[in-house]
Structures are given as C-alpha cells and as structure tokens.
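*Asks:* What follows is a predicted protein model with its sequence.
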Amino acid sequence: MGEREIWTPEKRLAYLPIFPRKNFIEEAEFLYNDLLNNRLKVVLIPAPIPKHSDHKIRFAESYNPFWYSGIYHSHNRGRRKDFEKSLWRIVNSLDENFNPRNNKYAYDTEFRDLIYSRLVEGYVDECGSRVLPNNQIRTFFKLDKLIDSN
C-alpha cells in the first residue's frame, strides 16, 4: 500500500486539488442527505400474539442510515445535530482543520476519514451490495488500483 499525499483527514478539504475534493464533497452530500432523510422512527403496533387486550410492541418504521451507527457508537452516542452540521460544513467547503483545543470541528475530521475510507476501500450499502472503491482516488493517494473480482 502506498502513502497518502500531503493531505490527511485532519486537514480541511481545501488542501486537496479540485479532482479529489469534488469526490469528497459529493460523498459528503450523499451522507448528509442520507442522514437528513433517514432517521429511526419507532412506533407501537398491536402485538402479533397479544397477552392482554392492549398489548402492543415496538416496531421500527424507519431506520438510521447503515453507516451512521458506526460513527454514533464510536463517539459515545454523539449528537445527530453535530453530525449534520459537520457534513453540512464539508458539503459547503466550510470544514476546518482538526484542533485538539476546539472540539467544534472534531466531527469534520471523522467524516473526512469516513469519506476517505469509503472512496479508497469501498463499502457495503443499505441493500448489502458492495460499492467498489474509486480507483482514480486510489491512484491520487498512491494506492494500488483494485480489480473487481466478480
């Protein structure tokens, strides 16, 4: 495996040339919209095998995005609004460098790292399908191209 260029996820996307930066922003936009449009919603429904007349069970009517749970649990159940703000900043090129003394932009680094991983390693989508890595991005970061084994 090769090394990354000068850029690391601790640095804002403005340090990247237009080519990979555009891909990072597009992926951030996808994640941002996915987060806004998909949220866990639990409702009560009648129990399939009732134990009494008013017996109800919880039923998940909709779910959070698949990728969200990893970020959520790795940050001690971080606040969703903070995640949304961070993705919004990345989409709008307002993200900031990591600064250990200012936690306001801490999630910017986490999302840049997630996006980097999705672009260079690929991921499994909500339907269980494998999304292949972007070989142009891999080449930019001096990583070997990956060949589809299907």
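*Replies:* Okay, I see it.
*Asks:* mind checking how far the helix or strand of the chain with the lowest mean pLDDT is from the chain centre?
*Replies:* When each helix and strand of the chain is scored by mean pLDDT, DSSP states H and E, helix 68-74 comes last, with a mean of 84. Put simply, helix 68-74 sits 9 Å off its chain's centre (CA atoms, centre = their mean, to the nearest Å).
*Asks:* Relative to residue 48, how far out is residue 115?
*Replies:* Noted for residue 115: a distance of 41 Å to residue 48, by CB to CB, to the nearest Å. (C-beta placed from N, C-alpha, C; glycine too.)
*Asks:* Looking at the two, which one has more neighbours?
*Replies:* Counted by other CB atoms under 10 Å, residue 115 and residue 48 do not tie: residue 115 has more neighbours, with 23 against 7.
*Asks:* sorry, back to before: counting by contacts, list what the least confident helix or strand of the chain packs against.
*Replies:* helix 80-91, helix 106-121 (3 or more CB pairs under 8 Å, 6 or more residues apart in numbering; DSSP states H and E).
*Asks:* Please list the residues outside that helix that contact it.
*Replies:* Contact partners of helix 68-74, identified using CB atoms under 8 Å, 6 or more residues apart in numbering, comprise 34-35, 64, 78, 80, 83, 110-111, 114.
*Asks:* which one of these sits closest to residue 41?
*Replies:* residue 64 (9.6 Å; CB to CB).
*Asks:* and that closest one, how many neighbours does it have?
*Replies:* Using other CB under 10 Å as the criterion, the residues surrounding residue 64 number 16.
*Asks:* gap between it and residue 29?
*Replies:* Counting by CB to CB, the gap from residue 64 to residue 29 is 18 Å.
*Asks:* and if you look at residue 109?
*Replies:* Taking CB to CB, one finds residue 109 at 18 Å from residue 29.
*Asks:* likewise residue 74?
*Replies:* From residue 74 to residue 29 the distance is 22 Å (CB to CB).
*Asks:* Those two: which is more packed in?
*Replies:* Set residue 74 next to residue 29 and count neighbours by other CB under 10 Å: residue 29 wins out with 15 against 11.
*Asks:* Do you know the pLDDT at the more buried one?
*Replies:* On pLDDT, residue 29 comes in at 98.
*Asks:* Does it touch residue 92 like I think?
*Replies:* No. Here residue 29 lies out of contact with residue 92, judged by CB atoms under 8 Å, at a distance of 9.6 Å.
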